[in-house]
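**Q** give me the fold of what follows.
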Amino acid sequence: MREDMVKKYFIKTFGCQMNVYDSSRMANMLEEMGLKKAAVLKDADVVVFNTCHIREKAAEKVFSDLGRAYLVKLERAAEGRDTIIGVTGCVVQAEDKEILKRAPYVDFALGPLRYFRLREVVESVFRERERGKGTGQECSDAGQRHLNAGPACSGKSREGQQNAAYVRLNDAQEQIETGKIEKERKRTGLLDTEFSAVSKFDLLPENKSEGGCSYLAIQEGCNNFCTYCVVPYTRGVEVSRPVEDVLREARRLAATGSVELNLLGQNVNSYHGEDASGRERNLAYLLNRVAEIDGIKRIRYTTSYPADVDDDLIRCHKELDKLMPYLHLPIQSGSDAVLKKMNRRHTRDEYLRVVEKLKEANPAIGMSSDFIVGFPGETEEDFQQTLDVVNRVQYIQAFSFKYSRRPGTPAAVMDGQVDEKVKKERLQVLQDLLFSYQTKFNKNSIGKVMPVLFESKGRHKGQLVGRTPYMQNLHAEADGSLLNKIVEVRVTDASTNSLSGEVL
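**A** The predicted model follows:
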């Protein structure tokens, strides 16, 4: 088949590592259908936006990108090329009606627990498009199963094609007021936000490695119900994969070239999957089993919840050489008053004690965290307590954000909403402090020899980019044959966000 006749897909991923994992699985499904990966959106026959709903800015970015994708859809239609646009992930789960209202040209929408249906849905849309070609029905029937600004709606001219598409978009807007689109999409399965009785992991095809590092989801959902967070409402309650399922996927990834595995979960250290005998096992047990797999040289896990870090897990950081000396352990705030309002199941001192025990187990461990500033009711004293925690722990990396109201969460309607200007000022102070420790740690790396996993080509010819055990980005002049391999590198220079080095 000629290259220009092969259908292509484009997936844009927003948000967390779990979404990166989900996107890789969707790519597997589309490739099993015979689609090839497109380098840019305009070359794709199937476009998927895998979305995040943690912060308002991320959700709004999705709608902005959808608007641009629709313009591309119109341009391709004028050239006689069809385009399917789909949305998956947490924005679908939380705002399915809003998607249909603001972007009625979206052909399908699947919640984060339903994307295992991607192949079925895409094939359904393709079949419907083929049936509609040449009949005219696809353009005239405003109650159709899905909206299409594609070749079937076109006359011979570009103007005629685009006019037909805009007419269909206006017709669609009228339907939204009566809920016809929502009902029809749900009836045909093109809008699916159900929480599955069966784990999505039981219904996905085999995962395939795409490089030296792979994500492997072992747990999904969260039972903590932090008052600012949408995850329990978009991902559901905690579900852990059976031990043997995880190990089978880990072995497949190792066999296809992965040397590093990052075990994923919204609350990964609450993992409680069953082994072959039906006995529940914790994350520490699973880490030890994964470490036994030949070919796997590095192991990470994220994201952890402080109250669920037990002694077994801490012991792994002492005894497992393959477990990297880096842990992302979000605290969110250094104030007990704020932590209580957040419904976090730990105090400031309990968190610091966990960090202390981790450093006792492995003095070389580097800590990372998440912070939210300007949470409702946060005082200047509360904020100073957060800065104090940063000074005590001296994080080597961290992610910090202004509090963002998420509809449907308890914090969104709390009294004491902090002024936006105050939030902005506090965020700047916090980030300046965090960056100072990150820069110090990176500068202290100069002269050290570190094992670096090269994962991609750099901006400049002959350059590769990889990561150290501490998740530091490092670029170095290196032969392309070292891609996806772990190589000894001497660090020669450092900045706040990256390192430079020379391959030994």
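
**Q** contacts for stretch 346-365, please.
**A** 306-307, 309, 311, 314-315, 317-318, 325-327, 329, 331, 334-336, 339, 367, 385, 389, 392-393 (C-beta atoms under 8 Å, 6 or more residues apart in numbering). Glycine gets a C-beta too; all of them are placed from N, C-alpha and C.

**Q** buried sites along it?
**A** Of the residues in stretch 346-365, 346, 348, 351-352, 354-355, 358-359, 361-362, 365 count as buried by neighbour count, 16 or more other C-beta atoms under 10 Å.

**Q** would TSV of the residues you listed with pLDDT, distance to residue 64 and secondary structure be doable?
**A** Converted to TSV, the buried residues of stretch 346-365 look like this (pLDDT from 0 to 100; distance: C-beta to C-beta, whole Å; DSSP: H, G, I helix; E, B strand; the rest coil):
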residue	pLDDT	distance to residue 64	secondary structure
346	98	37	coil
348	98	38	helix
351	98	36	helix
352	99	40	helix
354	98	39	helix
355	98	39	helix
358	98	40	helix
359	98	43	helix
361	98	45	helix
362	98	43	coil
365	98	39	coil
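
**Q** tell me which two of those residues sit farthest apart.
**A** 348 and 362 (22.4 Å; C-beta to C-beta).

**Q** show me where the stretch 301-450 of the chain has strands.
**A** Applying DSSP state E, counting those that start in this stretch to the stretch 301-450 of the chain gives strands spanning 326-328, 366-373, 397-402, 449-457.

**Q** sheet partners, orientation included, of the last one?
**A** Taking DSSP bridges as the criterion, strand 449-457 pairs within the sheet with strand 463-467 (antiparallel), strand 486-494 (antiparallel).

**Q** mean confidence for the last one?
**A** What that stands for is strand 486-494. Across strand 486-494, pLDDT averages out at 98.

**Q** with only the CA atoms kept, save that strand in PDB.
**A** What follows is strand 486-494, C-alpha atoms only, in PDB (Å, rounded to 0.1, in the frame of the first residue of the first chain):
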ATOM      1  CA  ILE A 486      22.300   3.200  30.200                       C
ATOM      2  CA  VAL A 487      25.700   4.800  29.900                       C
ATOM      3  CA  GLU A 488      28.300   6.200  32.300                       C
ATOM      4  CA  VAL A 489      28.500   9.900  31.900                       C
ATOM      5  CA  ARG A 490      30.600  12.500  33.700                       C
ATOM      6  CA  VAL A 491      28.600  15.700  34.500                       C
ATOM      7  CA  THR A 492      30.500  18.800  33.200                       C
ATOM      8  CA  ASP A 493      27.900  21.600  33.700                       C
ATOM      9  CA  ALA A 494      24.600  22.300  35.300                       C
END
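
**Q** chain center to it: distance?
**A** Mean-position distance between strand 486-494 and its chain equals 28 Å (C-alpha atoms, centre = their mean, to the nearest Å).

**Q** can you list contacts of the very next helix or strand once past that strand?
**A** Downstream of strand 486-494, the next assigned helix or strand under DSSP states H and E is strand 498-503. Defining contact as C-beta under 8 Å, 6+ apart, one finds that strand 498-503 is touched by 442, 445, 450, 452, 468, 472-478, 482, 487-494.

**Q** stretch 240-255 too?
**A** Where contact means C-beta under 8 Å, 6+ apart, the residues beyond stretch 240-255 that reach it are 199, 201, 206-209, 214, 216-219, 261, 263, 265, 270-276, 281, 285-286, 289-290, 293-296.

**Q** now do that stretch: distance to the chain's middle.
**A** Per C-alpha atoms, centre = their mean, the displacement of stretch 240-255 from the mean C-alpha position of its chain is 20 Å.

**Q** what comes up buried for that stretch?
**A** Buried residues in stretch 240-255 (16+ other C-beta under 10 Å): 240-243, 245-247, 249-250, 252-254.

**Q** mind putting the residues you listed in a markdown table, pLDDT included?
**A** Shown next, in a markdown table, are the buried residues of stretch 240-255 (pLDDT from 0 to 100):
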| residue | pLDDT |
| --- | --- |
| 240 | 94 |
| 241 | 93 |
| 242 | 95 |
| 243 | 97 |
| 245 | 94 |
| 246 | 96 |
| 247 | 97 |
| 249 | 92 |
| 250 | 95 |
| 252 | 93 |
| 253 | 93 |
| 254 | 94 |
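
**Q** and of those, the nearest to residue 75?
**A** Taking the buried residues of stretch 240-255 together and measuring to residue 75 by C-beta to C-beta, the closest member is residue 253, at 38.3 Å.

**Q** roughly how far apart are the closest one and residue 281?
**A** Counting by C-beta to C-beta, to the nearest Å, the separation of residue 253 from residue 281 is 20 Å.
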